[in-house]
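Novice: no letters, just coordinates:
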């Protein structure tokens, strides 16, 4: 089952976000891991001189990420030398542009891609003013110099999203669930590297008087097949993301941004409207103050200030230590590691987050289009066959199973289930259909009931 969106224009996407004060993101671990790739300058040079790092999930390697600027420039759809020169200057600074602004644009472009009309090749139009309007209520109230600096920063990060390439080691990272067989198989090979986002074309801004190029103003862009599948075929993970995350400064308020994204995803995944508890150690790791850069009383002060700021901005409803901290502990050596970081903090989500996550879920279960009524088309026998595999993929995702584990539970071979998930057949043999139907009848209702509680 796929949650559908009505197509709206570029301006309407931002108007909608600002009016609702949130946008929809994906709370799945897969999406969170891919987005986090562009926030940290921890790519290291390998023996071939390429900047590379492992993609880790819970400490286990799932794939590899590389910064590829040379390959990207060779395939750049720039029709002039001038465009190539300016775009390449942005690509050259990719490593320095790995930060929270890149993560903001990851979310904004992903959401815009779900909402906006696409051209025949699947690209949407994206310009720097879209991001400027989220950061500043009235961008044109700022000086021209400020606007130009902000636009450069934004397009520099867009270039970064197209310069980070990923290859996954196996397909347990993301369950493949295409809507039909009619797909480009090459786009779904996990051994191949693909950019996080692919650029289709670029548009320049020129000085009105001198006619000289000022920089890249807009691009056409689309997500990689990996992200595409998360946005289209993993609607169970759609979740509320507070738009204030865009208004925090990506340099001064880095910890604010990281904590907002984490909490919003956790509240979706935990499906709990009450306060959630987290260890101080876990939240410090998420906020990423930098290893050894700050500790002791200063770390505690900065940590609590972030929580107070989120409370003041209505990003969270309340926060408190579940057990009061004994101030006498601060006289002991490494008190902040041995005592304070082991404490738990209770954080309550804002009412709006609870209401909107329920609304998103209700619309998904009712097979309705967000913003517009949706009439369900009658299913053909072939489509009903696909529904079986959609349910199996849903069960695997929700129960966090590997394909191998699901195959063993369903009583069919791993290779068969792997093949069916990658490319659902128009007709499933009786031998395999019966155990799959029984598997779905057992687990699908249980998961839906758990979600509705």
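Specialist: Good, I have the coordinates. No experiment lies behind these values; they were computed from the predicted model shown.

Novice: how far is the helix or strand encompassing residue 107 from where the chain is centred?
Specialist: Element membership of residue 107 [criterion: DSSP states H and E] is helix 100-115. When C-alpha coordinates are averaged (Cα atoms, centre = their mean, to the nearest Å), helix 100-115 and its chain have centres 8 Å apart.

Novice: what does the next helix or strand after it rub up against?
Specialist: Next along the chain after helix 100-115, taking DSSP H and E as the criterion, comes strand 124-127. Contacts to strand 124-127, defined as Cβ atoms under 8 Å, 6 or more residues apart in numbering, come from residues 10, 109, 112-113, 116-118, 158, 203, 217-222. (C-beta placed from N, C-alpha, C; glycine too.)

Novice: pull the helix or strand with minimum mean pLDDT from the chain.
Specialist: helix 69-74 (a mean of 61; mean pLDDT, DSSP states H and E).

Novice: quick one: the helices in the stretch 151-300 of the chain?
Specialist: With DSSP state H, counting those that start in this stretch, the ranges of helices along the stretch 151-300 of the chain come out as 225-233, 254-270, 280-287, 296-312.

Novice: who wins for proximity to residue 439 among those?
Specialist: helix 225-233 (19.1 Å; Cβ to Cβ).

Novice: angle of the closest one against helix 100-115?
Specialist: Interaxial angle, helix 225-233 versus helix 100-115 (axes from the mean of the first three to the mean of the last three Cα atoms, to 10 degrees): 50 degrees.

Novice: pLDDT of helix 225-233, averaged?
Specialist: Across helix 225-233, pLDDT averages out at 84.

Novice: same question for stretch 419-431.
Specialist: Stretch 419-431 comes out at a mean pLDDT of 79.

Novice: in that stretch, what's buried?
Specialist: When burial is assessed from 16 or more other Cβ atoms under 10 Å, stretch 419-431 yields the following buried residues: 420, 421, 422, 424, 428.

Novice: hang on, the earlier thing: helix or strand right after the least confident helix or strand of the chain?
Specialist: From helix 69-74, the next helix or strand downstream (DSSP H and E) is helix 81-91.

Novice: that next one packs against which elements?
Specialist: In terms of contacts (3 or more Cβ pairs under 8 Å, 6 or more residues apart in numbering; DSSP states H and E), helix 81-91 is packed against helix 69-74, helix 144-163, strand 197-206, strand 213-223.

Novice: please name every helix or strand in contact with the second one.
Specialist: Contact here means 3+ Cβ pairs under 8 Å, 6+ apart; on that basis helix 144-163 packs against helix 69-74, helix 81-91, helix 100-115, helix 128-135, strand 194-195, strand 197-206, strand 213-223.

Novice: nearest to residue 252, of the ones you listed?
Specialist: When the helices and strands packed on helix 144-163 are compared by Cβ to Cβ, helix 100-115 sits nearest residue 252, at 10.3 Å.

Novice: if we can go back for a sec, among the contacts of strand 124-127, which ones are buried?
Specialist: 10, 109, 112, 113, 116, 158, 217, 218, 219, 220, 221, 222.

Novice: show the pLDDT at the third one.
Specialist: Read it as residue 112. Per the predicted model, pLDDT is 94 at residue 112.

Novice: ok, now how distant is it from residue 145?
Specialist: 27 Å (Cβ to Cβ, to the nearest Å).

Novice: between the helices of the stretch 151-300 of the chain, which gets nearest to residue 99?
Specialist: helix 254-270 (7.4 Å).

Novice: what angle separates that closest one from helix 280-287?
Specialist: Interaxial angle of helix 254-270 relative to helix 280-287 (the same axes, to 10 degrees): 110 degrees.

Novice: helices or strands next to helix 254-270 in the packing?
Specialist: strand 22-26, helix 29-36, helix 100-115, strand 238-242, strand 276-279, helix 280-287, helix 296-312, helix 351-365.

Novice: for those, which one sits closest to residue 330?
Specialist: Per Cβ to Cβ, nearest to residue 330 of those: helix 296-312, 6.8 Å.

Novice: buried set for the closest one?
Specialist: 299, 300, 303, 306, 307, 309, 310, 311.

Novice: need these in CSV with pLDDT and distance to residue 404, can you?
Specialist: What follows is the buried residues of helix 296-312, written out as CSV (pLDDT from 0 to 100; distance: Cβ to Cβ, whole Å):
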residue, pLDDT, distance to residue 404
299, 94, 42
300, 95, 44
303, 97, 41
306, 98, 41
307, 98, 41
309, 97, 45
310, 97, 41
311, 97, 44
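
Novice: can you redo the helices and strands packed on helix 81-91 as CSV with distance to residue 337?
Specialist: Formatted as CSV, the helices and strands packed on helix 81-91 follow (distance: least, Cβ to Cβ, whole Å):
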stretch, distance to residue 337
helix 69-74, 40
helix 144-163, 34
strand 197-206, 39
strand 213-223, 40
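
Novice: do you know which of the ones you listed lies nearest residue 364?
Specialist: Across these, closest to residue 364 is strand 213-223 (Cβ to Cβ), at 20.1 Å.

Novice: relative orientation of that closest one and helix 225-233 in degrees?
Specialist: Going by the same axes, to 10 degrees, strand 213-223 makes 60 degrees with helix 225-233.

Novice: output the contacting helices and strands for strand 213-223.
Specialist: helix 81-91, helix 100-115, strand 124-127, helix 144-163, strand 197-206.

Novice: partner strands of that strand, with direction?
Specialist: strand 124-127 (antiparallel), strand 197-206 (antiparallel) (DSSP bridges).

Novice: mind listing what the closest residue in space to residue 31 that isn't next to it in sequence touches?
Specialist: Once flanking residues are discounted, residue 31 sits nearest to residue 230: 5.0 Å by Cβ to Cβ, 6 or more residues apart in numbering. Neighbour list for residue 230: 26, 28, 30, 31, 34, 174, 237 [criterion: Cβ under 8 Å, 6+ apart].

Novice: quick revisit: to residue 267, which of the helices and strands packed on helix 81-91 lies closest?
Specialist: Short answer: strand 213-223, nearest of the helices and strands packed on helix 81-91 by Cβ to Cβ, at 24.3 Å.

Novice: relative to the whole chain's centre, how far out is the closest one?
Specialist: The answer for strand 213-223 is 21 Å, by Cα atoms, centre = their mean.

Novice: could you do stretch 58-66 as well?
Specialist: 16 Å.

Novice: identify each buried residue in it, please.
Specialist: For stretch 58-66, burial by neighbour count (16+ other Cβ under 10 Å) applies to 62, 63, 64, 65, 66.

Novice: would you say the first one is within a strand?
Specialist: Okay, so that is residue 62. Yes - Residue 62: assigned to a strand according to DSSP: H, G, I helix; E, B strand; the rest coil.
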